[in-house]
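Undergrad: Coordinates only, no sequence provided:
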């Protein structure tokens, strides 16, 4: 394909900002050819695929191939489909489970994404996993799939022309006022989008811009260095205290099931007799099965019961 593009037998598209010429995209056994819509170039592409079949024995299936056009008439698409011996496809279409050519501002366009999440987090999968396994599954799905699917969404505006440009190149100072220079990538199309944009510009207007080298800071302290750890600590400090009066701190060195067990104890999710009675489960008396004097609650089973105290004493806690 590179030789065909260089010799003029096929013409790809040139990416903006002096980017390369893209004529095809490969992923495993899927390929997308990107051209200019010329019928002769389409016939040359068909000849290249024929030579590929004769050389390697791998034949393209016409029934699984589609031709799509952007800004082309139906008659032009039909000529291209005839030259490539395939069918005309409708926009939008799916490629690698991503919806291409759809208006992602519509709620209906996100239905395949929601269905994908539901399939990954189905109850059938959860039933075959432990609680720690379900937490790991939720982190994997909620952490990876949004990154994969949200790459379809274009940013509304961009401040910097290049990623490495300093902040001072993206605003102008008029006395005490600062005016930010924004270049539009796509214009707002709804009231909610305008509201978000105006809120963002208001935050920029309130920001205090100082001369000097750019640096990442966190919080109100000037010397505070931004890190994920500081974000987590601030979130934990802002969270409501648990009913037991303490905050759960996850231990990296502990196995996941130990962390989740402590969390479930703090949330009252352990099936104790007192909790089972609240759920309508008949367990007889709600007293501790070991001592028979105190109601069976978390504090008694894990802290105040004499065997529990002896265990904590033995391990040095």
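TA: Great, that's in hand. Keep in mind that what you see is a predicted model, and the values were worked out from it rather than measured.
Undergrad: domain parsing for the protein?
TA: 2-91, 107-152, 157-206, 215-247, 252-314 (automatic domain parsing).
Undergrad: Where do the strands of the stretch 201-317 of the chain begin and end?
TA: Taking DSSP state E, counting those that start in this stretch as the criterion, the stretch 201-317 of the chain contains no strands.
Undergrad: What ranges does it have for its helices?
TA: 228-238, 256-266, 273-278, 298-299, 306-314 (DSSP state H, counting those that start in this stretch).
Undergrad: Take these and lay them out in a markdown table including distance to residue 191 and mean pLDDT.
TA: Bear in mind the C-beta positions are built from the backbone N, C-alpha and C, glycine included. Shown next, in a markdown table, are these (distance: least, CB to CB, whole Å; pLDDT from 0 to 100):
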| stretch | distance to residue 191 | mean pLDDT |
| --- | --- | --- |
| helix 228-238 | 31 | 72 |
| helix 256-266 | 41 | 80 |
| helix 273-278 | 46 | 79 |
| helix 298-299 | 49 | 82 |
| helix 306-314 | 59 | 84 |
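Undergrad: Pipe these into CSV and attach distance to residue 45 and mean neighbour count per row.
TA: Putting the helices of the stretch 201-317 of the chain into CSV (distance: least, CB to CB, whole Å; neighbours: other CB atoms under 10 Å) gives the following:
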stretch, distance to residue 45, mean neighbour count
helix 228-238, 48, 10
helix 256-266, 52, 16
helix 273-278, 67, 16
helix 298-299, 69, 16
helix 306-314, 73, 11
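Undergrad: how about CSV for those, with distance to residue 39 added?
TA: Converted to CSV, the helices of the stretch 201-317 of the chain look like this (distance: least, CB to CB, whole Å):
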stretch, distance to residue 39
helix 228-238, 54
helix 256-266, 59
helix 273-278, 73
helix 298-299, 75
helix 306-314, 81
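Undergrad: circling back to that earlier point, which one of the domains of the chain lies closest to residue 98?
TA: For the domains of the chain, the distance to residue 98 is smallest for domain 107-152, at 6.4 Å, taking CB to CB.
Undergrad: out of the domains of the chain, nearest to residue 97?
TA: Nearest to residue 97, of the domains of the chain and by CB to CB, is domain 107-152 at 7.0 Å.
Undergrad: how much space is there between the closest residue to residue 270 other than its chain neighbours and residue 275?
TA: In space, and not counting its chain neighbours, residue 270 is closest to residue 264: 5.7 Å by CB to CB, 6 or more residues apart in numbering. Taking CB to CB, to the nearest Å as the measure, residue 264 falls 11 Å from residue 275.
Undergrad: now do residue 6
TA: Residue 6 is 73 Å from residue 275, by CB to CB.
Undergrad: swap in residue 7?
TA: 76 Å.
Undergrad: go on, residue 282?
TA: Taking CB to CB as the measure, residue 282 falls 13 Å from residue 275.
Undergrad: any common contacting residues for those two?
TA: Common contacts of residue 282 and residue 275 (CB atoms under 8 Å, 6 or more residues apart in numbering): none found.
Undergrad: for residue 148, what are its contacts?
TA: The neighbours of residue 148, taking CB under 8 Å, 6+ apart as the test, are residue 98.
Undergrad: ok, now residue 112?
TA: 94, 97, 99.
Undergrad: which among those residues end up buried?
TA: residue 99 (16 or more other CB atoms under 10 Å).
Undergrad: Now the contacts of residue 112 in CSV, please, with extra columns for secondary structure.
TA: CSV is the format used below for those (DSSP: H, G, I helix; E, B strand; the rest coil):
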residue, secondary structure
94, strand
97, coil
99, strand
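Undergrad: Go through the contacts of residue 112 and say which is closest to residue 297.
TA: residue 97 (47.8 Å).
Undergrad: separation between that closest one and residue 35?
TA: Distance from residue 97 to residue 35, by CB to CB: 24 Å.
Undergrad: ok, the closest residue to residue 94 other than its chain neighbours - how many residues close by?
TA: Of all residues not flanking residue 94 in the chain, residue 100 sits nearest, at 7.1 Å (CB to CB, 6+ apart). Using other CB atoms under 10 Å, residue 100 has 13 neighbouring residues.
Undergrad: Mind listing the residues bridging to residue 22?
TA: residue 13 (DSSP bridges).
Undergrad: Could you do the one 5 residues further on as well?
TA: The partner list for residue 27 in beta bridges (DSSP bridges) reads residue 30.
Undergrad: Name the helix or strand of this protein that has the lowest mean pLDDT.
TA: Within the chain, no helix or strand scores below strand 157-158, which has a mean of 60 by mean pLDDT, DSSP states H and E.
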